[in-house]
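**Q** sequence and computational prediction follow.
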Amino acid sequence: MAEAAEQAILDFYTYPAIGADDWRYAFATAEIRALETEMLSKAALLDMANAENFEQAADLLGSTEYAVGRGGKNFAEVEDILQQRRTAVRELFAELMIDEPITELFRTRDDFTNMRLALRRTFTEKPVGTDYSNDGNVPAEIFEEVFEQENYTLLPLHMQEAIERTVLAYYQNKDIRQIDFSIDGVQAEYNLKKAQQLKSDFLTGLFRIQIDLTNIRTMLRLKFTESEHRNVFLKGGYVETEQLKHGLDVGYETLTQLFFATPYHEVVELGANYFMSNKSFLKAEQQCEKHLMGFLKTTTQITAGPQPIIAYLLVKENEIRQVRLILTAKKNALETRLILDRLGE
């Protein structure tokens, strides 16, 4: 198609380059390789998904780091364990990462999440609260002071910019969705800028893929709601925003052809087909996750470097999310077929 032909030609088929070895990370990479062997297998997750109920699914974690105590298996206890595991992997990441700017970069994820929550509460006239993540660069207790006093100078410049952009976008028509659109845009720009400053091919590729996958999700949701939003796609990905906008105007059955020349043709095809059959974005979410995990797994080519450390952090966080997803689904008696569809089986 003409739109596909106009797209910038990529120098890779599925995944971009991940950069060279960095022997400063020889010991850290060896430690990560050992930890990777202890992660939950696909078979273990499928056994949990096929368990009859929440209690049986939780029992299957008995010999793992996610084991729930014998005193009872309630979801609050499970959530506490999952939070502990996430904190542990983030602390390990900070310990192994020699380049402090990379550690700071990944901590900004929680900064943006905290800011998103504070802005949403502010715009909906709810108490700002104090329940913010302490895993960011900005201490959690600062958010209450910042937003109650509207003293945004206490925050880093990139967060001040995000707040300003979000406030302006929201008050145009008081659309709460503008919070996500605006913050996602600033965060994407910030990530790419930092990756380029660090001269990291891997981080640049990672963030551009994340931008594309976010845009694909946005495109599918905008199509479903027949939204008139057109200028909400993130810039900086491998797929041109004009191609995504065109995707809003064609039928679901045409999307695969439109994205055939991109690395995401399978993501779009399976996601769109599943939506047409089930009116659900479940498969699109699963395919986006699969594509990103596939890119992270290419770091097995690296003998020593920050790439495997970053990949382990993200893959381990994804494992924690999968465990939470399965147990939440079992707790709410969700149909097993839907759980398996989300896991990709």
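**A** Great, that's in hand.
**Q** give the contact list for the most centrally placed residue in the chain.
**A** Taking CA atoms, centre = their mean, the centroid of the chain lies closest to residue 210, which sits 7.3 Å from it. Residue 210 is in contact with 188, 191, 292, counting by CB atoms under 8 Å, 6 or more residues apart in numbering. For every residue, glycine as well, the C-beta is placed using N, CA and C.
**Q** which strand or helix spans the spatially closest residue to residue 229 that is not a sequence neighbour?
**A** Leaving out its chain neighbours, the residue that sits closest to residue 229 by CB to CB, 6 or more residues apart in numbering is residue 222, at 5.9 Å. Secondary structure assignment for residue 222, by DSSP states H and E: helix 201-225.
**Q** after that helix, next one along is what?
**A** Helix 201-225 is succeeded, C-terminally, by helix 241-247 (DSSP H and E).
**Q** against residue 295, how distant is residue 283?
**A** 19 Å (CB to CB, to the nearest Å).
**Q** who touches the helix or strand hosting residue 341?
**A** Applying DSSP H and E as the criterion places residue 341 in helix 336-343. Here helix 336-343 makes contact (CB under 8 Å, 6+ apart) with 45-46, 49-50, 274, 282-283, 285-286, 322, 325-326, 329-330.
**Q** so who does residue 33 touch?
**A** Residue 33 is in contact with residue 308, counting by CB under 8 Å, 6+ apart.
**Q** nearest residue to residue 51 other than its sequence neighbours?
**A** residue 57 is the one closest to residue 51 (CB to CB, 6+ apart), at 4.0 Å.
**Q** pLDDT score for the one you found?
**A** If you check residue 57, the pLDDT there is 88.
**Q** how many residues are close by it?
**A** Neighbourhood size, residue 57 [other CB atoms under 10 Å]: 24.
**Q** would you map out the domains in the chain?
**A** According to automatic domain parsing, the chain is divided into the following domains: 2-36+200-343, 100-197.
**Q** low pLDDT regions in the stretch 201-345 of the chain?
**A** Scanning the stretch 201-345 of the chain for pLDDT under 70 picks out 345.
**Q** please repeat the previous calculation with a cut-off of 80.
**A** 225-230, 252, 344-345 (pLDDT under 80).
**Q** if I look at residue 143, how far off is residue 180?
**A** For residue 143, the distance to residue 180 - CB to CB - is 18 Å.
**Q** go on, residue 228?
**A** Residue 228 is 17 Å from residue 180, by CB to CB.
**Q** show me which of these two is the more surrounded one.
**A** For residue 228 versus residue 180, the count of surrounding residues by other CB under 10 Å is larger for residue 180: 16 against 7.
**Q** just checking, that one touches residue 115?
**A** No. Using CB atoms under 8 Å, residue 180 is not in contact with residue 115, being 11.6 Å away.
**Q** picking that back up, most neighbours among the contacts of helix 336-343, which one is it?
**A** Busiest of those [other CB under 10 Å] is residue 326, holding 26 neighbours.
**Q** number of nearby residues for residue 167?
**A** 16.
**Q** who's in contact with it?
**A** Residues residue 119 are the ones in contact with residue 167 under the rule CB under 8 Å, 6+ apart.
**Q** tell me which residues of the helix or strand hosting it come out buried.
**A** In the assignment (DSSP H and E), residue 167 maps to helix 157-173. For helix 157-173, a neighbour-count test (16 or more other CB atoms under 10 Å) marks 158, 159, 160, 161, 162, 163, 165, 166, 167, 169, 170 as buried.
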